[in-house]
Structure formats: structure tokens, C-alpha cells
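Peer 1: give me a model of this one.
(one chain, ligands or ions: 1)
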Amino acid sequence: MPDTYNPYDNMLAVLEKAAGKLGLEHNDYEAIKYPERELKVSIPVKMDNGTIKVFEGYRVQHSSTRGPCKGGIRYHPHVDIDEVKALAAWMSLKCAVVDIPYGGAKGAVKVDPAELSKGELERLTRRFTAMILPLIGPEKDIPAPDINTNAEVMGWIMDTYSMLKGYAVPGVVTGKALEIGGSLGRPEATGRGVSIITGESMKFFNMEGINKRIAIQGMGNVGGVSARLLYREGHKIVAASDVTGGFYKAEGLNIEKILAYSASHSKSIAGYTEEGAESITNDELIGCDCDVLIPCAMENQITEKNADSIKAKLIIEGANGPTTVEADEILVKRGIHIVPDVLANAGGVVVSYFEWVQNIQNLMWDEDQINETLRKIMIKSFYQVLQIVKDKNVSFRIAAYMLALLKLSKAKKTRGVFP
Ligand code: GLU
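Peer 2: Here you go, the predicted structure:
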């Protein structure tokens, strides 16, 4: 990530704007500007060749005002503390927007997991878990998958935590495999939420119909599931990409075929062929000819450098923080609507909440019940944010931050400041 880009400053800038619109006083939101706790750990791992390698890891708890801290753990070579702080704050805002009783947290390890063997990855995960153990637990801070982590990694965390406690504690993480207390619907939840919000936004902006063209950046868990669900609903996905690049086809790509290809090619779409599909770069995808753009990859994808090239009229943020503050301003001025990450991609943490509730109460819900409750929460939250957009004449992002900030500051005020 370039040195000039600081996602935490990005988050603060929007927070200040939303606080201004709400007319909040300094005391109402001062504490929300700072993470409650930041832990940095050095993780020694015995590599397969016998050498010891030390990796840097973090867990940041932004807020526990509305409930236990909640948020994923990502493995990425370029992650840094400012990114984790921003991601933790976005989790607090996200949980407040969809009104689930959690605060926000995030964890990360600076590592490229593709360079580790399975055994090295497991040892890294178990040692990292042991090192953040004082912070995590079902009643205080519950990790989940994020970029480059998955159900298997969550299983290692759950097992390590449980072994050190002496009994099984499924509620310490969400996004686990079903066999150890995972929830039906959780693997697809973020993408499902994105597809629900996309559908609802298209309805609101009168963009329904088979001729509307959707471009999706990222074919991982979020982008892949969003693409599949929107494609099955009959939408035309004209562009799709992953880290290796992407494809554009004006008549619409065959998403089932792309996902099947990626599943059998180490989760990569490099080398995929389809008649009429042309290769494009990720930057070309951002500016491609489409009606709806859904960035589902990393932060900092839509910047002041490419914001002017965007042709979509609607952007749905499947990733966390894909749009910089500068780009956001350009796009809003251009009349492009952006449904922000803290609303659009909240489906994952909503179903994480269902998983945790099932764990701590030893319940098992069926998939229809989970998907239906997720849908209700996403739609209700969308219309709550929309109401603020209309009443206060602000962008979707500012409206979502206003909704979250109002809930967080009220909760803070109700609890009071200790001592
Ligand atoms: N990593 C996901 C997110 O950014 C899910 C977090 C969770 O389920 O706790 O929303």
C-alpha cells in the first residue's frame, strides 16, 4: 500500500463529517475516535526446513461499548497496524449499522500464506492464537475469517483456545466448519448480503431489468458468492476479476463456468477462456462500461486516480474500505451512488452473530431460517440508512456512519465513563 494512504485517517475523516452532520458534541464521540486496545505480537514459527522465522501479528479492539468485540483475522504480506485499526473501527460501525450487539475488532498477521506449507500455516495460527489469548474469548472478543483465512484456520484457533482452556469453546470464533459448531449459511453470508443490498439498491434506483450490467472486482469468497447469486437471479455480470486480472464480455460472462474453473485452478481465474470474453486488468475493470460496480477485493482500489474513469452509476462496496475519501468526494460530486462497506458487506458478521448465539446456547438453526433472518436484517438496515439519506440529504456513506455513530454515542452516554 502506498505510504500516503492511511486507512485509519480515511475512517476518521468520514467519522468527523458524520459527527458534524449529527451535531454531536466533542464528548459524545471523542472516545470512538480511538481503539480501546492494540496488541502487537512477534510470532516465532518453526519452518519445515528447521529454521525459526518470526512474523508480526496484531489484534486491535476498537470498541466494546455495545457488546463483545467482533472481527476477522487476515493474513496478508502488506498489512500494517493502521489498516488493522481502521478495519477494527469499521467493524464497530458495521455492527451498529445492522444493530447487532457487538463492538468491533480486527486481527492480522503480516504473511503471504501462499509461501507457507500447510504445517507452517497451522503452527503460525496456533502460536498467534496463544499470543492473543488474553484478549479473545466468547464473552469478550470473537475472531472470524477475513482475507486469506478460512474455516480451517478458524478450526485451529478454536482447537488451540479450547486445549488451553481444557474444554471445547466453539463460541471463541465464528466461520468454523459445521462439525465443530459452524453455522449453516455462514460461508456464503457476506456475498449473500452484498447480493441482497445490490438487488435492493437497483430497485431503489430503478435499475432493475435484464439489461443492467454488473462488474465485480474479486472472485474470492465475497465476490464469488455475490457473482453467483446475482447471476442466478438473472443479472448480467459483464466483468469479473481476481488478483491475476479479469475478463469483460458485454453480453455477460458465464459465472458458473468461471467459478468452476477457479475452483479447479487453485482459486485463480488466470487462463480462463470464454468466447467473446476479453482480458482486462483490475484497473480496467474499475473503469469498465457497466451500470453497477461491486469492488470485493481490498482497500484502496477506487482512488482519485481512477475515480473519474468510473462509468457505473451505482457502487456497492463488498470489500472493506475500497474507496478513498478523495475518490468518494469525486464520485459523490459526479452523482454516483455508493452503498458503503459498513452496510453492504455486513452479512458476514450478521451470520457470525447467529453462529455465536447458536454456540453459546447450544442451538442449531436451519439454513432457511438463517438466510431469511439475514435478508430481513439487511433490508431493514438498508431502508434505515436510506431514510437518513433522504431526510438529511447526505450520501449513503455519511448516512450509514451517522446511524452507527448515533447508536455508539448513545450507548457510550448510557454506560458513562469509568471511573
Ligand atoms: N471479516 C468479515 C468482515 O469484515 C467478517 C467479520 C466477522 O464475522 O466477525 O465483516
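
Peer 1: what pLDDT, on average, does stretch 182-194 get?
Peer 2: In this model, stretch 182-194 has a mean pLDDT of 98.

Peer 1: may I have it as CSV, with CA atoms only?
Peer 2: Extracted in CSV, the C-alpha atoms of stretch 182-194 (Å, rounded to 0.1, in the frame of the first residue of the first chain):
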residue,chain,number,x,y,z
GLY,A,182,-20.1,-23.6,12.5
SER,A,183,-23.3,-22.3,11.2
LEU,A,184,-25.2,-23.1,8.0
GLY,A,185,-25.2,-20.2,5.7
ARG,A,186,-22.0,-18.6,7.2
PRO,A,187,-19.6,-19.3,4.3
GLU,A,188,-22.0,-17.5,1.8
ALA,A,189,-23.2,-14.8,4.2
THR,A,190,-21.1,-11.8,3.2
GLY,A,191,-21.7,-12.4,-0.6
ARG,A,192,-25.4,-13.1,0.1
GLY,A,193,-25.7,-9.8,2.0
VAL,A,194,-23.9,-8.0,-0.9
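
Peer 1: confirm S381 sits in a helix?
Peer 2: Yes. S381 forms part of a helix when assessed by DSSP: H, G, I helix; E, B strand; the rest coil.

Peer 1: who's in contact with the residue nearest to it when sequence neighbours are not counted?
Peer 2: The shortest distance from S381 to any non-neighbouring residue, by Cβ to Cβ, 6 or more residues apart in numbering, is to V98 (4.8 Å). All C-beta spots, glycine's among them, are computed from the backbone N, C-alpha and C. Going by Cβ atoms under 8 Å, 6 or more residues apart in numbering, V98 touches L343, A346, V349, V350, I377, M378, S381.

Peer 1: near the ligand too, which of the residues you listed?
Peer 2: Subset of these in contact with the ligand: V349, counting by Cβ under 6 Å from any ligand atom.

Peer 1: of all the contacts of V98, which comes closest to V109?
Peer 2: Using Cβ to Cβ, V349 comes nearest to V109 of the contacts of V98, at 20.3 Å.

Peer 1: thought P101 was touching that closest one, still the case?
Peer 2: No. Using Cβ atoms under 8 Å, V349 is not in contact with P101, being 11.5 Å away.

Peer 1: what's around the residue of the stretch 301-419 of the chain found nearest the ligand, how many residues?
Peer 2: Nearest to the ligand in the stretch 301-419 of the chain, going by Cβ to the nearest ligand atom, is S352, at a distance of 3.2 Å. Residues lying near S352 (other Cβ atoms under 10 Å) number 27.

Peer 1: SS state for it?
Peer 2: Going by three-state DSSP: S352 is helix.

Peer 1: my guess is it contacts T190, does it?
Peer 2: No. When contacts are counted by Cβ under 8 Å, S352 is not listed as touching T190 (9.5 Å).

Peer 1: mind listing which of the contacts of V98 are in strands?
Peer 2: Among the contacts of V98, DSSP state E puts none in strands.

Peer 1: out of the contacts of V98, who's nearest K70?
Peer 2: V349 (6.2 Å).

Peer 1: which residues touch the closest one?
Peer 2: K70, G71, M91, K94, C95, V98, I100, Y102, A144 are the contacts of V349 under Cβ under 8 Å, 6+ apart.

Peer 1: could you dump these to CSV with distance to the ligand?
Peer 2: Below are the contacts of V349 laid out as CSV (distance: Cβ to the nearest ligand atom, whole Å):
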residue, distance to the ligand
K70, 5
G71, 5
M91, 6
K94, 6
C95, 9
V98, 10
I100, 10
Y102, 8
A144, 3
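
Peer 1: which of those residues fall in helices?
Peer 2: M91, K94, C95 (DSSP state H).

Peer 1: can I get those in JSON lines with pLDDT?
Peer 2: Formatted as JSON lines, these follow (pLDDT from 0 to 100):
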{"residue": "M91", "pLDDT": "98"}
{"residue": "K94", "pLDDT": "98"}
{"residue": "C95", "pLDDT": "98"}
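
Peer 1: how many neighbours does the residue of the stretch 51-200 of the chain found nearest the ligand have?
Peer 2: The minimum distance from the stretch 51-200 of the chain to the ligand, using Cβ to the nearest ligand atom, falls at G72 (2.8 Å). With neighbours defined by other Cβ under 10 Å, the count for G72 comes to 26.

Peer 1: was I right to think it contacts P143?
Peer 2: Yes. Using Cβ under 8 Å, G72 is in contact with P143, at 6.5 Å.

Peer 1: mean confidence score for stretch 213-231?
Peer 2: pLDDT averaged over stretch 213-231 gives 97.

Peer 1: how much space between G71 and Y261?
Peer 2: Distance from G71 to Y261, counting by Cβ to Cβ, to the nearest Å: 32 Å.

Peer 1: need the residues of the protein near the ligand, please.
Peer 2: Counting by Cβ under 6 Å from any ligand atom, the chain sits next to the ligand at K70, G71, G72, A144, D146, T174, N320, N345, G348, V349, S352.

Peer 1: can you rerun that using 8 Å?
Peer 2: 70-72, 74, 87, 90-91, 94, 102, 106, 142-146, 174-175, 189-190, 320, 345-346, 348-349, 351-353 (Cβ under 8 Å from any ligand atom).

Peer 1: dump the contacts of V98 to TSV, plus distance to G224 and pLDDT.
Peer 2: Below are the contacts of V98 laid out as TSV (distance: Cβ to Cβ, whole Å; pLDDT from 0 to 100):
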residue	distance to G224	pLDDT
L343	21	98
A346	18	98
V349	19	98
V350	19	98
I377	22	98
M378	19	98
S381	23	98
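
Peer 1: which parts of the chain are helices?
Peer 2: Using DSSP H, helices in the chain cover 7-22, 26-29, 81-97, 118-132, 151-165, 189-204, 221-232, 255-263, 282-286, 325-333, 341-344, 347-361, 367-392, 396-415.

Peer 1: give me whichever of the ones you listed is most buried.
Peer 2: Most buried of the helices of the chain, by mean neighbour count (mean count of other Cβ atoms under 10 Å): helix 341-344, with a mean of 30.

Peer 1: so what does that one touch, helix or strand wise?
Peer 2: Applying 3 or more Cβ pairs under 8 Å, 6 or more residues apart in numbering; DSSP states H and E, one finds that helix 341-344 makes contact with helix 81-97, helix 189-204, helix 367-392, helix 396-415.
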